[in-house]
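Asker: Fold the following, please.
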Amino acid sequence: MTEYLCLAFRFLSPLFHGRKDGGVREWPPSPLRVMQALVAAAARTEGRSFATAAFEWLERQPPPWVFAPSATAAAGYRLSVPNNAMDLVAQAWVRGGDGKPGEQRAMKTVRPMRLMGSEVVRFAWVLDRDPVARAHAERLCALAESVVALGWGLDLVVGSGLVLPAAAIEAIREHRWVPGEEAAGGLRVPIPGTTAALERRHRAWLVRTSLEDEPYRPPPALTVFRMIRYIAAEDDSPRATTALRLMDPSGDGMRAFDCERWTSVVAGMMRHVASSAAEACGWPDREVAAIALGHGDSRGAGGHVPASSKRLAYLPLPTIEGRPGGGAHVGQVRRVLVTSFGDGAVVPWAAGALVGRTLTSEGEWRPVAVLAPCVSSDPVVGRYIGRYDTWATVTPIVLPGYEDRGGLRKKLAKTKDSATQKRLLLRLEARTEQLVRKALEQAGVAHELATRADIEWSGICFWAGGGRASDFRVPSHLDGYSRLHVRLRWRDEDGNPIQRTGPLCAGSGRFYGIGLFAGFS
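Answerer: Numbers count the residues shown, from 1 in each chain. This next block holds a predicted model:
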């Protein structure tokens, strides 16, 4: 049975003052805050030479789930705080004057978050069935009881910790926040090396000033961490999108591309024209590579930061048309949707920067289409960004892994025993389903939604006129992975259908428009 390390913190006041980078209000509290609070508790209760093995274990774990009540921005208030101007007081004393430290004050505006309902925040890490991991978890549970603040010093808490079974975690009723992809503006999460970095920063703080060496030496900022975008399990906020039409360069209406052969090619041409536009706008080379082209970058805070944190996705949209006899039919690609699975802040830039630019074919560099604006009420675009409870792929998902590990299909072909065949088929189906749900989570779908969704798959498209999964051209590095058409229906925790907002593109080809879903009705 799966177990979890669960650390809970009850706020003594319904206000939380913590801030993210840039002074932005933070909610829920970041996992790094929890680790810093635990380290401080260990130093206070066990002395400066406290053992760090449990923290080094914690920093190697995947980001935790966070269970937190909803919170809203509270009305701000003002505080009188010291102005750090004792040099003026000292100068007055030297002159024989009456310097008054208590008068050196400044007013500071504080804008906290107000917790609604429960005042308990819980963090849950999956716990390996390993005696060493269990020992580390028990020590962290004990330290949680010594934590006094989480956030600012006035965010007082009462902490506790338990090792709980999966059923107890599932029964927690607070809003569940699940870790998504790395993204600027996310929550700070510890990584290997964070504990050592905290120790270095503390040592630097202790010697920041001394009587022997007058210059002030500020401690270095903590940089060894990741930024993870946390998603509320039921979050349905629409992604930023920019829709563009593909026009014929000769001025003869819209340009159409065959869906099976040209989807990934059109996406590649979009990448090229976006990178050219970004360069023309003065983007640094690093941002052009990471955001427009999707190349990796290893120079981020705390280690490797994947390009997907802000990376643009280019989704060619096959036309979905009604037929006189009823039903919907998938046609050719005449539009492109620009979006992001991470930050999304750059997406609106595409609306102005890409309009009027020309797509050119690779190698020949001849113009094949001109990008034009697309109205938000376009019914074809609406199929991809609207709200539906059932969605189906128009381009197949590329599975993010091998479903046939262990050569199950070869074993299936060699055996004639029906019981063995059934067992092998069940294993193959279970692995395929696992990979489909993994692809949904990688695309930003919350774990609970991906787990509850009804899923079916096939090599044949669920839409009339759609191509077979095997017929779709994909980038060469994805050739070895299976492709499947998928239809899914979203379910709530009671099993009832619920509507979700698009766009949805999943699988290893999602940045190229491979694995694109449309609302199915």
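Asker: Surely Cys281 is in contact with Ala353?
Answerer: Yes: if you go by CB atoms under 8 Å, Cys281 and Ala353 touch, sitting 6.1 Å apart. In short, each C-beta sits where N, CA and C put it, glycine included.
Asker: Same drill for those two, tell me which one is more crowded.
Answerer: Ala353 (21 against 12; other CB atoms under 10 Å).
Asker: any idea of the pLDDT on the spatially closest residue to the more buried one that is not a sequence neighbour?
Answerer: Once flanking residues are discounted, Ala353 sits nearest to Ala277: 4.4 Å by CB to CB, 6 or more residues apart in numbering. Here the pLDDT value assigned to Ala277 is 95.
Asker: Just confirm Ala277 is within a helix.
Answerer: Yes: per DSSP: H, G, I helix; E, B strand; the rest coil, Ala277 lies within a helix segment.
Asker: thought it was touching Gly356?
Answerer: No: counting by CB under 8 Å, Gly356 is not a contact partner of Ala277; they are 9.9 Å apart.
Asker: So between those two, which is more surrounded?
Answerer: Higher neighbour count among Ala277 and Gly356: Ala277, with 21 against 12, using other CB under 10 Å.
Asker: how close does the more buried one sit to Leu371?
Answerer: As for Ala277, its distance to Leu371 is 10 Å (criterion: CB to CB, to the nearest Å).
Asker: What does Trp125 show for phi and psi?
Answerer: As for Trp125, its main-chain torsions (degrees, to the nearest 10) stand at phi -110, psi 140.
Asker: Pull out the buried residues from the longest helix belonging to the chain.
Answerer: Using DSSP state H, we find that the single longest helix of the chain is helix 418-442. Using 16 or more other CB atoms under 10 Å as the test for burial, helix 418-442 gives 424, 427-428, 431-432, 435-442.
Asker: again with stretch 193-206
Answerer: By 16+ other CB under 10 Å, the buried positions in stretch 193-206 come out as Gly193, Thr194, Thr195, Ala197, Leu198.
Asker: Domain parsing of the chain, as residue ranges.
Answerer: What automatic domain parsing lists as the domains of the chain is 3-75+111-232, 81-108, 244-345+371-521.
Asker: If you average pLDDT over each of these, which is lowest?
Answerer: The stretch with the lowest mean pLDDT among these is domain 81-108, at a mean of 72.
Asker: the strands in the stretch 351-500 of the chain, which residues?
Answerer: All strands of the stretch 351-500 of the chain, identified by DSSP state E, counting those that start in this stretch, fall at 358-360, 367-373, 387-388, 390-393, 397-398, 454-458, 483-489, 500-501.
Asker: Helix 418-442 and the strand ranked longest in the chain, what's the angle between them?
Answerer: Longest strand of the chain, by residue count under DSSP state E: strand 175-190. Strand 175-190 and helix 418-442 are oriented at 70 degrees to each other (axes from the mean of the first three to the mean of the last three CA atoms, to 10 degrees).
Asker: Pull out the buried residues from the helix or strand in which Pro348 is found.
Answerer: Assignment of secondary structure by DSSP states H and E places Pro348 within helix 347-353. By 16+ other CB under 10 Å, the buried positions in helix 347-353 come out as Val347, Trp349, Ala350, Ala351, Ala353.
Asker: contacts for that helix?
Answerer: Around helix 347-353, the neighbours that count as contacts under CB atoms under 8 Å, 6 or more residues apart in numbering are 239-242, 244, 274, 277-278, 280-281, 312, 338-340, 373.
Asker: next one: stretch 385-395
Answerer: Residues contacting stretch 385-395 (CB under 8 Å, 6+ apart): 238, 241, 259, 263, 318, 320, 330, 337, 461-463, 466, 472, 485-490, 497-504, 509, 513-521.
Asker: sorry, back to before: quick one: residues contacting the residue nearest to Ala353.
Answerer: Ala277 makes contacts with Ala292, Ala353, Leu354, Arg357, as judged by CB under 8 Å, 6+ apart.
Asker: Closest one to Ser418 out of those residues, please.
Answerer: Of all these, Ser418 sits closest to Ala292, with 53.8 Å by CB to CB.
Asker: Quick check: the closest one touching Ala278?
Answerer: Yes: look at Ala292 against Ala278 with CB under 8 Å: they come within range, at 4.6 Å.
Asker: neighbour-wise, which of these two wins?
Answerer: Ala292 (27 against 24).
Asker: Give me the distance between the more buried one and Ala274.
Answerer: 4 Å.
Asker: before we move on, the earlier item: can you redo the buried residues of helix 418-442 as JSON lines with distance to Arg122?
Answerer: Below are those laid out as JSON lines (distance: CB to CB, whole Å):
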{"residue": "Leu424", "distance to Arg122": "41"}
{"residue": "Arg427", "distance to Arg122": "35"}
{"residue": "Leu428", "distance to Arg122": "37"}
{"residue": "Arg431", "distance to Arg122": "32"}
{"residue": "Thr432", "distance to Arg122": "33"}
{"residue": "Leu435", "distance to Arg122": "30"}
{"residue": "Val436", "distance to Arg122": "29"}
{"residue": "Arg437", "distance to Arg122": "24"}
{"residue": "Lys438", "distance to Arg122": "25"}
{"residue": "Ala439", "distance to Arg122": "28"}
{"residue": "Leu440", "distance to Arg122": "25"}
{"residue": "Glu441", "distance to Arg122": "21"}
{"residue": "Gln442", "distance to Arg122": "25"}
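Asker: Buried residues, the one helix or strand Val330 maps to. List them.
Answerer: Assigned by DSSP H and E, Val330 falls within strand 328-340. Neighbour counts over strand 328-340 (16+ other CB under 10 Å) mark Ala328, Val330, Gly331, Gln332, Val333, Arg334, Arg335, Val336, Leu337, Val338, Thr339, Ser340 as buried.
Asker: and the angle for that strand with strand 367-373?
Answerer: Here strand 328-340 runs at an angle of 80 degrees relative to strand 367-373 (the same axes, to 10 degrees).
Asker: thinking again about what came up before, closest one to Leu143 among the strands of the stretch 351-500 of the chain?
Answerer: Closest to Leu143 of the strands of the stretch 351-500 of the chain is strand 500-501 (CB to CB; 39.7 Å).
Asker: right, and the helix or strand after the closest one?
Answerer: Counting by DSSP H and E, the next helix or strand C-terminal to strand 500-501 is strand 517-519.
Asker: which neighbours does that next one have in its sheet, and in what orientation?
Answerer: Paired strands of strand 517-519, with direction, are strand 390-393 (antiparallel) (DSSP bridges).
Asker: Restrict the partner strand to CA atoms and write it as PDB.
Answerer: Taking C-alpha atoms only, strand 390-393 is exported to PDB below (Å, rounded to 0.1, in the frame of the first residue of the first chain):
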ATOM      1  CA  THR A 390     -15.900  14.900 -24.400                       C
ATOM      2  CA  TRP A 391     -12.800  15.400 -26.500                       C
ATOM      3  CA  ALA A 392     -11.200  13.400 -29.300                       C
ATOM      4  CA  THR A 393      -7.900  13.700 -31.100                       C
END
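Asker: need the helices for the stretch 151-300 of the chain, in chain order.
Answerer: Secondary structure of the stretch 151-300 of the chain (DSSP state H, counting those that start in this stretch): helices at 166-170, 194-206, 259-280, 285-287.
Asker: among the ones you listed, which is nearest Asp404?
Answerer: Judging those by CB to CB, what sits closest to Asp404 is helix 259-280, at 23.4 Å.
Asker: Distance from the closest one to the middle of the chain?
Answerer: In terms of CA atoms, centre = their mean, to the nearest Å, the centre of helix 259-280 is found 24 Å from the chain centre.
Asker: got the buried residues for that helix?
Answerer: Neighbour-count burial for helix 259-280 flags 259-260, 262-278 (criterion: 16+ other CB under 10 Å).
Asker: Overlap of the contact sets of Ala277 and Leu371?
Answerer: Common neighbours of Ala277 and Leu371 (CB under 8 Å, 6+ apart) are Leu354, Arg357.
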